[in-house]
Every structure is written in structure tokens, then in C-alpha cells.
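Participant: The following block contains a protein sequence and its predicted model.
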Amino acid sequence: MSWSFLVRGIVIGFAIAAPVGPIGVLCIRRTLADGRAAGLATGLGAATADAIYGAMAAFGLTALTDLLVGGQTWIRAIGGVFLIYLGIRTMSAEPAERAARLRGPGLVGAYATTFMLTLTNPMTILSFAAIFATIGIGASGYDLGPAVSLVLGVFLGSALWWLSLSGVVGLLRSRFDMARLGWVNRISGGIIIAFGLAAIVSLFPR
């Protein structure tokens with residue numbers, strides 16, 4: 001275990017996960033609607049996908065990277081359509097009077113949706129590749145230990161962000177009554193739809 005690379009990975013994973021995008025909106029909404037466990041499961045799906053893309057960059061899997069980046073048009077199109085579908089479902093969802101105690105399939109579903117959504121952004125690989133190149137990871141002749149430590153750190157850093165976000169939002173849930181939760185559903189659903197439309201529009205040349 002290379003502790004210095006582990007710490008660097010944690011910082012990188014946290015920084016990449018922190019900007020609020022569609023996954024962040026989903027995490028906030030699910031935490032408010034279904035509780036902290038659902039919010040954390042949502043974030044962990046994204047953290048797992050980040051770690052997979054980080055591993056591809058760290059271990060120099062250029063053939064697979066080129067395949068995903070080359071096919072990003074249809075991958076992003078699928079992601080955009082899925083975001084629109086999730087946004088419509090979110091907007092039409094009726095708020096519950098209390099957080100649901102999600103277990104088993106419910107938590108797995110929360111995890112799986114964000115895992116797949118995060119994988120629909122292959123450009124994440126290039127972000128990791130650029131960052132890793134500056135610290136000597138991903139090139140030929142790399143040492144396996146630092147690469148493994150870095151990828152583990154990416155997962156832990158990303159997971160730390162989602163744990164923090166779902167924890168903070170969970171503390172605020174008691175302040176949201178039925179009317180406010182209804183507005184949360186409508187606003188977050190609209191934002192998610194906007195992200196989906198933006199992803200699809202970006203596929204067309206200007």
C-alpha cells in the first residue's frame with residue numbers, strides 16, 4: 001500500500017465527485033424522499049463507476065478507453081434519454097410523509113441507476129488519464145502498488161463526498177413538509193431533465 005498515492009487518490013476522487021450534476025441532484029432528492037441510506041447508495045454507484053474509469057486510466061487500458069471514447073456519441077445519447085426518463089419519474093413522484101426504509105432491491109436500484117449513469121460519461125476516463133499522467137501513473141512501466149493505491153483512493157474520496165452530502169441533507173429532511181417535498185420533486189426532476197436534454201443537444205454539431 002502506497003499511502004501517499006492513496007491520499008492523492010482520495011483528494012482526486014473527492015474533487016471529481018463534488019461538482020453538483022445530475023447525480024448530485026439525484027442524491028439530494030433521494031435522501032430527502034427516502035432517507036440517508038438511499039442517498040448514500042446513490043452516491044456509491046457513482047463512486048464505483050469513478051473507480052472503474054480511474055482503474056482504466058491508471059492501468060493503461062488504452063484499447064478499452066479508445067473504444068468507449070470512440071463510442072461516446074451513442075453512450076451519451078443513452079445516458080441523456082435515461083436522465084430524461086428519471087427526471088419525468090421524479091417530477092411525477094408523490095412525496096411520502098416519511099422517509100421510506102429502503103432495503104434490498106430498493107437500495108440496489110438506487111445504486112445501479114447512478115452506476116450506469118456515471119458510466120455514460122466516457123470523458124471521465126480522459127480526466128483521470130490527464131490527472132494521473134501528472135503524477136506518473138498510467139504510462140508504460142508504472143508500478144502496480146501506486147496504481148492500486150490511487151484507484152482505491154479515488155473510490156474512497158468519491159464515497160466520502162457522497163457520505164458527507166447524504167449526511168448533511170439527511171439532517172435537513174425534518175424541515176421539509178409534504179408541500180416542500182413536492183416542490184423538491186418538481187424542481188429536481190426539471191433539473192435532471194435539463195441535464196438529459198443538454199447531453200442530447202451536445203451530440204449535434206453546431
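Facilitator: Everything's here; your move. Residues are numbered from 1 along each chain as shown.

Participant: rest of the way, CA atoms for contacts and neighbours
Facilitator: Noted.

Participant: Stretch 174-187 - what's its average pLDDT?
Facilitator: Per-residue pLDDT over stretch 174-187 has a mean of 74.

Participant: check contacts around the residue most central in space within the chain.
Facilitator: Nearest to the geometric centre of the chain sits residue 46, at 3.0 Å (C-alpha atoms, centre = their mean). Residue 46 sits next to 23, 111, 114-115, 117-118, 158 when contact means C-alpha atoms under 8 Å, 6 or more residues apart in numbering.

Participant: Taking those together, which two end up most distant?
Facilitator: 117 and 158 (15.3 Å; C-alpha to C-alpha).

Participant: Where does pLDDT dip in the protein?
Facilitator: 1, 61-71, 94-105, 122, 133-143, 177-178, 180, 206 (pLDDT under 70).

Participant: biggest helix in the protein by residues?
Facilitator: helix 144-172 (DSSP state H).

Participant: Determine the set of other helices and strands touching the helix or strand following that one.
Facilitator: Tracing the chain C-terminally past helix 144-172 and defining elements by DSSP states H and E, one meets helix 178-201 next. Helix 178-201 is packed against helix 22-34, helix 72-92, with contacts defined by 3 or more C-alpha pairs under 8 Å, 6 or more residues apart in numbering; DSSP states H and E.

Participant: let's see it at 6 Å
Facilitator: Packing partners of helix 178-201 (3 or more C-alpha pairs under 6 Å, 6 or more residues apart in numbering; DSSP states H and E): helix 72-92.

Participant: The helix it packs on to helix 178-201, inter-axis angle?
Facilitator: Between the axes of helix 72-92 and helix 178-201, defined by axes from the mean of the first three to the mean of the last three C-alpha atoms, to 10 degrees, the angle is 160 degrees.

Participant: how far is whatever helix or strand comes next after helix 72-92 from where the chain is centred?
Facilitator: Counting by DSSP H and E, the element after helix 72-92 in chain order, helix or strand, is helix 105-119. Distance, stretch centre to chain centre, for helix 105-119: 9 Å (C-alpha atoms, centre = their mean, to the nearest Å).

Participant: residues in contact with helix 105-119?
Facilitator: Applying C-alpha atoms under 6 Å, 6 or more residues apart in numbering, the set of residues contacting helix 105-119 from outside is 38, 41-42, 45-46, 49, 79.

Participant: Serialize those residues to a markdown table and add fields for secondary structure and distance to residue 106.
Facilitator: Converted to a markdown table, the contacts of helix 105-119 look like this (DSSP: H, G, I helix; E, B strand; the rest coil; distance: C-alpha to C-alpha, whole Å):
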| residue | secondary structure | distance to residue 106 |
| --- | --- | --- |
| 38 | helix | 8 |
| 41 | helix | 10 |
| 42 | helix | 11 |
| 45 | helix | 13 |
| 46 | helix | 16 |
| 49 | helix | 19 |
| 79 | helix | 21 |
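
Participant: Which among the residues you listed count as buried?
Facilitator: Buried members of the contacts of helix 105-119, scored by 16 or more other C-alpha atoms under 10 Å, are 38, 41-42, 45-46, 49, 79.

Participant: which ones are touching residue 199?
Facilitator: Shown in contact with residue 199 (C-alpha under 6 Å, 6+ apart): residue 80.

Participant: quick one: it and residue 35, what's the gap?
Facilitator: Distance of residue 199 to residue 35, given as C-alpha to C-alpha, to the nearest Å: 29 Å.
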